[in-house]
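K.L.:
My questions concern the predicted model and sequence given below.
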Amino acid sequence: MSKFTESDVEEVALSYLEELGYTPLHGSDIAPGEPNAERNTPGDVILEGRLRSALAQINPQIPGEALDEVVRQVLRSETQNLIENNRRFHRLLVDGVPVSYQQGERTVHDQAWLIDWDNPTHNDWLAVNQFTVIEHQNRRPDIVLFINGIPLAVLELKNAASENADIAAAFNQLQTYKKDIPSLFTYNEALVISDGLTTRIGTLTANRERFMP
């Protein structure tokens with residue numbers, strides 16, 4: 001019998017995600033410098049091309065120049081505090097991004113939506129495994145889930161056959177990621193830890209006990 005490995009858990013997770021409608025990609029396929037690169041640097045955590053395409057589709061009434069400002073608002077970090085940055089982005093995600101533009105002689109005050117909440121299938125669903133981010137350190141989360149180019153969830157997977165690689169170890173790994181690559185978690189809405197048998201979901205500020213089945 002072949003040895004059960006962490007990569008097996010990863011492949012199963014990706015297959016489930018694909019059944020749910022996510023497109024699976026390996027991080028190296030869209031890495032900077034590759035033919036199909038979707039990032040300019042290893043520090044980029046937003047897939048800007050996908051975000052811009054989604055914004056134009058979801059908000060056809062808003063001119064391109066105004067959508068450029070929406071992208072700038074999404075990319076901007078206003079503080080050095082991860083939790084405050086995450087809270088600010090969550091408001092943009094849920095309430096829309098405020099934007100103004102000229103329509104003839106009139107100034108229009110509008111909201112640009114980052115996600116099409118009414119038509120989920122109109123969004124761009126992407127699951128990227130081994131997504132390398134270099135910020136304070138070089139880290140590579142197992143699976144990052146993007147909607148419209150925005151990294152909204154991180155899955156950290158361990159091997160149930162290993163005594164030292166359970167979901168507690170996966171939780172601790174996420175804490176390391178938050179410290180070493182905080183930019184990725186500015187946009188985070190969900191954290192998942194799993195060893196292939198036991199799976200828990202939590203939020204950015206949840207302690208280990210608050211990660212639930």
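P.N.:
Received the coordinates, thanks. Numbering: from 1, shown residues only.
K.L.:
The spatially most central residue of the chain and Tyr187: what is the separation?
P.N.:
Nearest to the mean C-alpha position of the chain, counting by Cα atoms, centre = their mean, stands Pro151 at 1.0 Å. The gap separating Pro151 from Tyr187 is 5 Å, by Cβ to Cβ, to the nearest Å. In short, each C-beta sits where N, CA and C put it, glycine included.
K.L.:
beta partners of the residue lying closest to Leu14 once chain neighbours are set aside?
P.N.:
With Cβ to Cβ, 6 or more residues apart in numbering as the criterion, Leu14 has its nearest non-adjacent residue at 4.6 Å, and that residue is Pro24. Counting by DSSP bridges, Pro24 forms beta bridges with Ala127.
K.L.:
who are the neighbours in contact with Pro24?
P.N.:
Applying Cβ atoms under 8 Å, 6 or more residues apart in numbering, we find Pro24 in contact with Leu14, Leu17, Glu18, Ala127, Val128, Asn129.
K.L.:
Weed out the non-buried ones from those residues.
P.N.:
Neighbour-count burial (16 or more other Cβ atoms under 10 Å) applied to the contacts of Pro24 gives Leu14, Leu17, Ala127, Val128, Asn129.
K.L.:
Take those residues and lay them out in TSV including distance to Arg50 and pLDDT.
P.N.:
Below are the buried ones among the contacts of Pro24 laid out as TSV (distance: Cβ to Cβ, whole Å; pLDDT from 0 to 100):
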residue	distance to Arg50	pLDDT
Leu14	18	96
Leu17	16	97
Ala127	13	98
Val128	11	98
Asn129	17	97
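K.L.:
mind checking which helix or strand of this protein has the lowest mean pLDDT?
P.N.:
Lowest mean confidence among the helices and strands of the chain (mean pLDDT, DSSP states H and E): helix 6-20, at a mean of 91.
K.L.:
Which elements pack onto that helix?
P.N.:
strand 23-26, strand 125-129, strand 143-147, strand 150-157 (3 or more Cβ pairs under 8 Å, 6 or more residues apart in numbering; DSSP states H and E).
K.L.:
quick one: which of those is nearest Leu47?
P.N.:
Minimum separation from Leu47 across these (Cβ to Cβ) falls at strand 143-147, 6.0 Å.
K.L.:
strands paired with that closest one, and their directions?
P.N.:
strand 125-129 (antiparallel), strand 150-157 (antiparallel).
K.L.:
Between those strands, which one is closest to His136.
P.N.:
Per Cβ to Cβ, nearest to His136 of those: strand 150-157, 16.5 Å.
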